[in-house]
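Asks: pasting the structure only:
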């Protein structure tokens, strides 16, 4: 539903590039959401990239001294800063490696969605005619499916694996980007510089890449940023429902699911830390995406 | 109006046809083996061949699709092994619980989203607006399965105000409905704020004010009513997303509805039941969108001249 917010997005800046850049930067700089969101995103990317350096332990290693005599997980200690789980594994290490898993799935799934959505939307708007009808009607059909339910069905049939989950996320999240790109290209193809390129005999592929794609970068950037936030939740939900990346990979969604079977606050760290990690990751991408949208689309600022 | 209705219905039927094709492709034509899913991992080749034959999976795909459609038209969505019942009655039996949850969820969306959005629109950049922005950020960023667990831990485990899960008395709906509604409340409050600011700036609201109508009357009677149309249309478009939330929330709270049914079907590898719920949900989304469009066209003649778009 976030995607629909972009339909009104005027991504193509038609003023002088340098002035436009300066204006965008001025708007970003004065927006606290940009700084908070940017900081959160940088932090999470840093953690994901250096998980192997930052983590005190192997995320899947089970420590004999990681549970007490009656098999309960341990709270904070010097050896296990955020405690251990019921399998006697280090929670902090699983959390850090979870960032890597969560982020790589979301980023790759989104890249796939961007590639599929942008190419389909651009082709539909550029060719018009029957291809346009087929693509856009297919998009409408896909929009009728609850994406999580469709993804669950696909993963259940194919069997969960890292590749399948990335592909499925791509398959169910390209639709809104396709419609945004379609709307943008529809407007851009009538502009004079595109007309003149066409008149001088430049091929359609070259026009799309050289003259149209640069104007699509702003909406794609905004959408992809917000899309990563959505996908992190999506991947978390899949894992929570038991159809995420298979065991023993450290997924935040599954850490929460495993912990949620506990009926007391005694082992609060099992559920608290992965929940916070997920929340702040999503918050970071949402803040950054909102700030980018406000800066790249100042006209729409008051509307959303 | 009549030509609009005919075009809209014709388009809806086309989308329904497309939905059936997609469901069929997912269930039978993607590389994956439904026969193996039915038979289990240790089935012999002979057993698999028998299952494929029994289900017509050895037929060419177009033939399989025709059989599938023939069954659909007779209300036959197959047999749900995990519950030893046909799929359609199984889903129908769970429908009241889901309908109740969805309605209460929407009540929370409106009950929280409307006041927040209206106040933000009346005092843009003011304190209610800023609090509204914080609220919507929180609502967007907290995934339902985390919020649900949080509420459960706090209000069911720690302070036993509400029951732990399942459907047991009126109090059991509160936490699931709140979890389901909070994200939507955040989203629609922002949407309402934007639409209301537009409406409050229009000529006719200024006329109403000039006539001396009280501010409260202008906002509630005139502006809110005019902002409701776009909100309803957007709700139709968001319905698919909303139903994804229903699956998660019902699973978190073990709420005995269609979403929880889909989840248990998946954990039991009951592919007929899974695909039944997928098809059911998509058809529901398409039908609701048709109804929304027809209702809007009836209320606002300008819409009939525009084209329609979105899910179905």
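Replies: Good, I have the coordinates. Quantities reported herein were computed from a predicted structural model and do not represent experimental measurements.

Asks: can we go C-alpha only for contacts and neighbour counts from here?
Replies: Noted.

Asks: Verify the stated contact: residue B:119 with residue B:131.
Replies: No. Residue B:119 is beyond contact range of residue B:131, at 10.2 Å (criterion: CA atoms under 8 Å).

Asks: Mind checking which of these two has more residues around it?
Replies: Under the neighbour definition other CA atoms under 10 Å in any protein chain shown, residue B:119 and residue B:131 were set side by side, and residue B:119 has more, 19 against 14.

Asks: Can you tell me the element the nearest residue to that one once chain neighbours are set aside falls in?
Replies: Excluding the flanking residues, the one nearest residue B:119 by CA to CA, 6 or more residues apart in numbering or on different chains is residue B:128, at 6.1 Å. Take DSSP states H and E as the rule and residue B:128 turns out to sit in helix B:127-141.

Asks: Does that helix pack against any helices or strands, and if so which?
Replies: Counting contacts by 3 or more CA pairs under 8 Å, 6 or more residues apart in numbering or on different chains; DSSP states H and E, helix B:127-141 packs against helix A:268-296, helix B:87-122, helix B:174-200.

Asks: Give the rounded mean pLDDT of that helix.
Replies: Averaged across helix B:127-141, pLDDT comes to 89.

Asks: tell me how far the helix or strand just after it is from the chain's mean position?
Replies: Per DSSP H and E, the first helix or strand lying C-terminal to helix B:127-141 is helix B:144-152. Chain-centre distance of helix B:144-152: 19 Å, with CA atoms, centre = their mean, to the nearest Å.

Asks: for the record, mean pLDDT for helix B:144-152?
Replies: Mean predicted lDDT for helix B:144-152 stands at 90.

Asks: low-confidence ranges in the chain?
Replies: In the absence of a named chain, this looks at chain A. For chain A, residues meeting the criterion pLDDT under 70 lie at A:1-19, A:262-265, A:298-304.

Asks: not what I meant, chain B
Replies: B:29-41, B:301-312.

Asks: Nearest residue to the middle of it?
Replies: residue B:243 (3.0 Å; CA atoms, centre = their mean).

Asks: Let me know the distance separating that one from residue A:145.
Replies: 9 Å (CA to CA, to the nearest Å).

Asks: just so I know, which of the helices and strands packed on helix B:127-141 lies nearest residue B:268?
Replies: Taking CA to CA, helix B:87-122 is the member of the helices and strands packed on helix B:127-141 nearest to residue B:268, at 14.1 Å.

Asks: the inter-axis angle of that closest one versus helix B:127-141?
Replies: 150 degrees (axes from the mean of the first three to the mean of the last three CA atoms, to 10 degrees).

Asks: how about helix B:87-122: buried residues?
Replies: Judged by neighbour count (16 or more other CA atoms under 10 Å in any protein chain shown), helix B:87-122 contains these buried residues: B:87-88, B:90-91, B:94-95, B:97-98, B:101-102, B:104-110, B:112-122.

Asks: quick revisit: list the buried residues of the helix holding residue B:128.
Replies: Buried residues in helix B:127-141 (16+ other CA under 10 Å): B:128, B:129, B:132, B:133, B:135, B:136, B:137, B:138, B:139, B:140, B:141.

Asks: Same question for stretch A:133-146.
Replies: A:135, A:136, A:137, A:138, A:139, A:140, A:141, A:142, A:143, A:144, A:145, A:146.

Asks: Chain B next: which of these are close?
Replies: A:137, A:138, A:140, A:141, A:142, A:143, A:144, A:145, A:146 (CA under 8 Å from any CA of the partner chain).

Asks: Please, which helix or strand holds the fourth one?
Replies: Same thing as residue A:141. helix A:129-143.

Asks: Quick check: which element contains the closest residue to residue A:105 other than its chain neighbours?
Replies: Nearest non-adjacent residue to residue A:105, counting by CA to CA, 6+ apart: residue A:166, 5.7 Å away. Taking DSSP H and E as the criterion, residue A:166 maps to helix A:162-173.

Asks: Quick check: closest non-adjacent residue to the most centrally placed residue in chain A.
Replies: Nearest residue to the geometric centre of chain A (CA atoms, centre = their mean): residue A:228, 1.2 Å. In space, and not counting its chain neighbours, residue A:228 is closest to residue A:106: 5.6 Å by CA to CA, 6+ apart.

Asks: rewinding a little: to residue A:66, which of the helices and strands packed on helix B:127-141 lies closest?
Replies: So among the helices and strands packed on helix B:127-141, helix A:268-296 is nearest, using CA to CA, at 13.5 Å.

Asks: which residues does residue A:174 contact?
Replies: A:112, A:113, A:114, A:116, A:117 (CA atoms under 8 Å, 6 or more residues apart in numbering or on different chains).

Asks: So residue 124: helix, strand or coil?
Replies: Because you didn't say which chain, this covers chain A. helix (DSSP: H, G, I helix; E, B strand; the rest coil).

Asks: wrong one, I was asking about chain B
Replies: Assignment for residue B:124 (three-state DSSP): coil.

Asks: ok, now how distant is it from residue A:210?
Replies: Residue B:124 is 41 Å from residue A:210, by CA to CA.

Asks: got it, and residue B:289?
Replies: Taking CA to CA, one finds residue B:289 at 39 Å from residue A:210.

Asks: who's more crowded, the two?
Replies: Taking neighbours as other CA under 10 Å, residue B:289 and residue A:210 compare with residue B:289 leading, 26 against 12.

Asks: related to what we said a few turns ago, export the buried residues of stretch A:133-146 to a markdown table and append columns for distance to residue A:24.
Replies: Shown next, in a markdown table, are the buried residues of stretch A:133-146 (distance: CA to CA, whole Å):
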| residue | distance to residue A:24 |
| --- | --- |
| A:135 | 33 |
| A:136 | 32 |
| A:137 | 35 |
| A:138 | 35 |
| A:139 | 32 |
| A:140 | 33 |
| A:141 | 36 |
| A:142 | 34 |
| A:143 | 32 |
| A:144 | 36 |
| A:145 | 36 |
| A:146 | 35 |
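
Asks: Many thanks, we can stop here.
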